[in-house]
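**Q** from the sequence below, what's the structure:
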Amino acid sequence: MFGDAARAERAALTATLVALIAAGAWVSIPFVPVPLTLQTFFVLLSGVLLRRWGFLPPLCYLVLGSLGLPVFHNGLAGVGVLFGPTGGFMAGFVAAGFVAGLAYERRERSVRMVGLVLAGLAVYAFGAAWLTASTGMPITAAVAVGALPFLPGDALKTAAAYVLGKRFEAP
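**A** Here you go, the predicted structure:
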């Protein structure tokens, strides 16, 4: 800021993506044990647009929600949400933004595509691990209920983030 256009753009984009992640949380389809939302799409888009700084919007989103702003799914707020069954998935957002962002530091389309897939898998890994820890269910059950039902929707969100990322590329 103060003359650094790239920093100002990064700050504005971070704030916009935090708002979009929060808005994506309001598009919540009840599902057990974790609701289906548009958050992962905007988390992936964070990596696509902010590159190595892609972890910042999901991190800021978690901080705002932990401080009591009703930005989590269904308007929930507070640190208690992070300790519930959805907490691992939300923590995985930070890792996903970082992984996608690192992939988008490279120009190769295959690296970017694989990076987006790995970013989505990071959300599942954190989420399933936390489901196991917080509920005591076996990891296989956590994957069965916390990851497998979401694969088709997340594949669509990943493809949409990739296509949109191509639209934002410099010629």
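**Q** state the mean pLDDT of the longest helix along the chain.
**A** Counting residues, the longest helix found in the chain (DSSP state H) is helix 109-135. Averaged over helix 109-135, pLDDT sits at 96.
**Q** tell me what angle the next helix or strand along the chain from that helix forms with helix 109-135.
**A** Downstream of helix 109-135, the next assigned helix or strand under DSSP states H and E is helix 139-146. Here the directions of helix 139-146 and helix 109-135 differ by 110 degrees (axes from the mean of the first three to the mean of the last three Cα atoms, to 10 degrees).
**Q** what is helix 139-146 packed up against?
**A** Using 3 or more Cβ pairs under 8 Å, 6 or more residues apart in numbering; DSSP states H and E as the contact definition, the elements that helix 139-146 packs against are helix 109-135. All C-beta spots, glycine's among them, are computed from the backbone N, C-alpha and C.
**Q** buried residues in the helix it packs on?
**A** 112, 115-132, 134 (16 or more other Cβ atoms under 10 Å).
**Q** other SSEs contacting the longest helix of the chain?
**A** For helix 109-135, the packing partners by 3+ Cβ pairs under 8 Å, 6+ apart are helix 39-50, helix 87-103, helix 139-146, helix 151-167.
**Q** got these as a markdown table, with mean pLDDT and mean neighbour count columns?
**A** Shown next, in a markdown table, are the helices and strands packed on helix 109-135 (pLDDT from 0 to 100; neighbours: other Cβ atoms under 10 Å):
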| stretch | mean pLDDT | mean neighbour count |
| --- | --- | --- |
| helix 39-50 | 96 | 28 |
| helix 87-103 | 97 | 25 |
| helix 139-146 | 94 | 17 |
| helix 151-167 | 93 | 15 |
